[in-house]
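Chemist: model this:
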Amino acid sequence: MEERQLLMPEINESNIGFLKLTKIKGSNITLILNNSLEVEPYFDEQSQEVVFEIPEYNIIAVGVTREEAIQELQNDLVWLWEEYVETQEKNFSKDAKDLRNSLKRLIKGVEYNCEKHNREKTWKTH
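Modeler: Sure thing, here's the model as predicted:
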């Protein structure tokens, strides 16, 4: 039997491209940004992965492809929103309150996918 190799397109600094987000999509939620979020990725030669970093939110999102890294970035931002903004501010530390306020400034609105209520989208602002 002949052995075949699966060829992956080569990823490097020249083809991973600058990212400009106006919406952040999660599985059940879409965050609408006040202003676009611009992130410049880099290619980690050692791990052979595309990396997006947002230091102010302590996010390092990586993926074998640019698309995987973008999905990780979006998942991380949605998680932060749900953990720090969608929940009550119970005994948050000063850093947690600062993060919560920063996320509220970043996001102007939220679209929810509410299958349970038989509505596709609702709108909520913070």
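Chemist: Give me the nearest residue to G63, chain neighbours excluded.
Modeler: A69 (3.5 Å; C-beta to C-beta, 6 or more residues apart in numbering). Backbone N, C-alpha and C define where each C-beta goes, glycine included.
Chemist: quick one: contacts for that neighbour?
Modeler: Contacts for A69 (C-beta atoms under 8 Å, 6 or more residues apart in numbering) come out as P41, E49, V50, V51, F52, A61, V62, G63.
Chemist: that's a helix at it, yeah?
Modeler: Yes: checked against DSSP: H, G, I helix; E, B strand; the rest coil, A69 lies within a helix.
Chemist: secondary structure class for E83?
Modeler: helix.
Chemist: Could I get the pLDDT score of the most centrally placed residue in the chain?
Modeler: The residue lying closest to the centre of the chain (C-alpha atoms, centre = their mean) is Q74, at 1.7 Å. At Q74, the pLDDT value in this model is 97.
Chemist: What ranges does this structure have for its helices?
Modeler: Residue ranges of the helices in the chain, as given by DSSP state H, are 66-84, 94-106.
Chemist: Give the buried residues for the first one.
Modeler: This means helix 66-84. Buried residues in helix 66-84, defined by neighbour count with 16 or more other C-beta atoms under 10 Å: 66, 69-70, 72-78, 80-81, 84.
Chemist: So which of those is the closest to L37?
Modeler: L77 (8.3 Å; C-beta to C-beta).
Chemist: Correct me if wrong: the closest one contacts L31.
Modeler: Yes: judged on C-beta atoms under 8 Å, L77 makes contact with L31 at a distance of 6.8 Å.
Chemist: what's the overlap in contacts for these two?
Modeler: Going by C-beta under 8 Å, 6+ apart, residues that sit against L77 and also against L31 are I24.
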